[in-house]
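Enquirer: Generate coordinates for the sequence data below:
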Amino acid sequence: MSDLPFLWGAQYYRAPTPEPECWEADLRRMRALGMNAVKLWVQWRWSHRRPDAFDFDDVARLMDLAAREELAVTLNTIFDVAPRWLYD
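Expert: Residues are numbered from 1 along each chain as shown. So this is what the prediction gives:
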């Protein structure tokens, strides 16, 4: 048997949904249902809107909320949704 935990959770966040006012209650509900993990999508176009600036405030807040609920987090980085500035 493996010493690794069985991860049971759901894919939760792909910006801009769900809205921030739902996050705390949703993650609390996931934990109450017995889940121990959550997957968050980190989209290139959402987090890197300008060539010289990154914004991970949403992901940081979600990770803090997940930690409070003792949920493991998997970050799924999505590079196939390039930011608009790349094409300009």
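Enquirer: ok, Met30 - how many residues close by?
Expert: Residues lying near Met30 (other Cβ atoms under 10 Å) number 20. (C-beta placed from N, C-alpha, C; glycine too.)
Enquirer: How about Ala72?
Expert: Number of residues near Ala72 (other Cβ under 10 Å) recorded here: 15.
Enquirer: what bridges to the residue nearest to it when sequence neighbours are not counted?
Expert: Excluding the flanking residues, the one nearest Ala72 by Cβ to Cβ, 6 or more residues apart in numbering is Ala37, at 4.3 Å. Taking DSSP bridges as the rule, Ala37 bridges to Gly9, Ala72.
Enquirer: Can you verify my assumption that Ala37 contacts Leu7?
Expert: Yes - using Cβ atoms under 8 Å, Ala37 is in contact with Leu7, at 4.1 Å.
Enquirer: shared neighbours, those two?
Expert: Here Ala37 and Leu7 have 72, 74 as joint contacts, going by Cβ atoms under 8 Å, 6 or more residues apart in numbering.
Enquirer: of those two, who's got more company?
Expert: Applying other Cβ under 10 Å to Ala37 and Leu7 shows that Ala37 carries more neighbours, namely 17 against 13.
Enquirer: show me the contacts for the more buried one.
Expert: Ala37 neighbours (Cβ under 8 Å, 6+ apart): 7-9, 71-74.
Enquirer: Quick check: the gap between Leu86 and His48.
Expert: Note on Leu86: its distance to His48, by Cβ to Cβ, to the nearest Å, is 9 Å.
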